[in-house]
Each structure stands twice: as structure tokens, then as C-alpha cells.
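Participant: Let's see this in three dimensions:
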Amino acid sequence: MGLILFPGDDDTSSPDASWSYTGFAAFRQWLAQAEGFALNEMHGFGGQRPWEGVFTTLAPLLNHPDDDGPHLTPAQCAAILPRLQEIAGRPRGKSTDPLLQRHIDDARQLVVVLRLCVEKDVDLLFG
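Facilitator: Predicted structure coming up:
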């Protein structure tokens, strides 16, 4: 069993992004690291650091229950999109790390899904 992020457009052929729960946790840890902080230091992830002190457009994605909680709105998707594209487009150098490549691929797939949410003006659903 895993987690799927998908547009709330009622179109079963729309693209989605999917992970195991462990894979999604690792993906979010990677994104948080790219933003300059450790996710495990944050409130709700084992730490005490409040989210109010973190300034990243990725916060709605990073500080979201795995498969519960509010959907992300089209406006939130639009705010997340440029930063996620930037992170996914960073040069890898000569790294052949398969986990890094997986995170980059996942980020690129999520970019596709977020872009569709913005274009169709629909929420991003977690399921």
C-alpha cells in the first residue's frame, strides 16, 4: 500500500505521483534538505521546531499528513511549482546515486501533476 498524489479532476486518466509511505518520507526529507533544514527537526516530524519559522513555498507539501488532511489548492500548487521545478532541474554532477535519481524523477512527475492542477484549477488530492 502506498500514497498517490493526484489532481481532483475526476479524470482517472490524469497523471499522478505515487510512492510507498517510506519513499514519500524520504522524498520530503530530500526536499527539506534542499530548502536548508532537516524535516526530522520539525514539529510533527519528531522535532520541536515550529513551521512558522520556515520560509519555503514547499511548506504546504512538506507539512502535510501523508494521506489525510486538507487538499492542496490550485493556488498552493502554483506556489509550490516553480521551486519544485528548480530543485528537480539542478545538475546532478557526476552522481550516479539511484536514490537521488529517484527523487529527481519523482519531483519531475509531481511537477506534471501540479501543473495540471493549476491548469484545470483543481485541488491536489492525497490518497
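Participant: what stretches of the chain score poorly on pLDDT?
Facilitator: Within the chain, the segments meeting pLDDT under 70 span 1, 92-93.
Participant: ranges for the helices of it?
Facilitator: 21-34, 59-62, 74-88, 98-120 (DSSP state H).
Participant: so which of these gets nearest Gly47?
Facilitator: Closest approach to Gly47 among those (CB to CB): helix 21-34, 11.0 Å. (Glycine included, C-beta is placed from N, CA and C.)
Participant: hang on, the earlier thing: got the helices of the chain as TSV, with distance to Thr12 and mean neighbour count columns?
Facilitator: Below are these laid out as TSV (distance: least, CB to CB, whole Å; neighbours: other CB atoms under 10 Å):
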stretch	distance to Thr12	mean neighbour count
helix 21-34	21	17
helix 59-62	23	20
helix 74-88	20	18
helix 98-120	13	17
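Participant: Turn these into JSON lines, including distance to Gln48.
Facilitator: Output for those, formatted as JSON lines (distance: least, CB to CB, whole Å):
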{"stretch": "helix 21-34", "distance to Gln48": "15"}
{"stretch": "helix 59-62", "distance to Gln48": "16"}
{"stretch": "helix 74-88", "distance to Gln48": "25"}
{"stretch": "helix 98-120", "distance to Gln48": "26"}
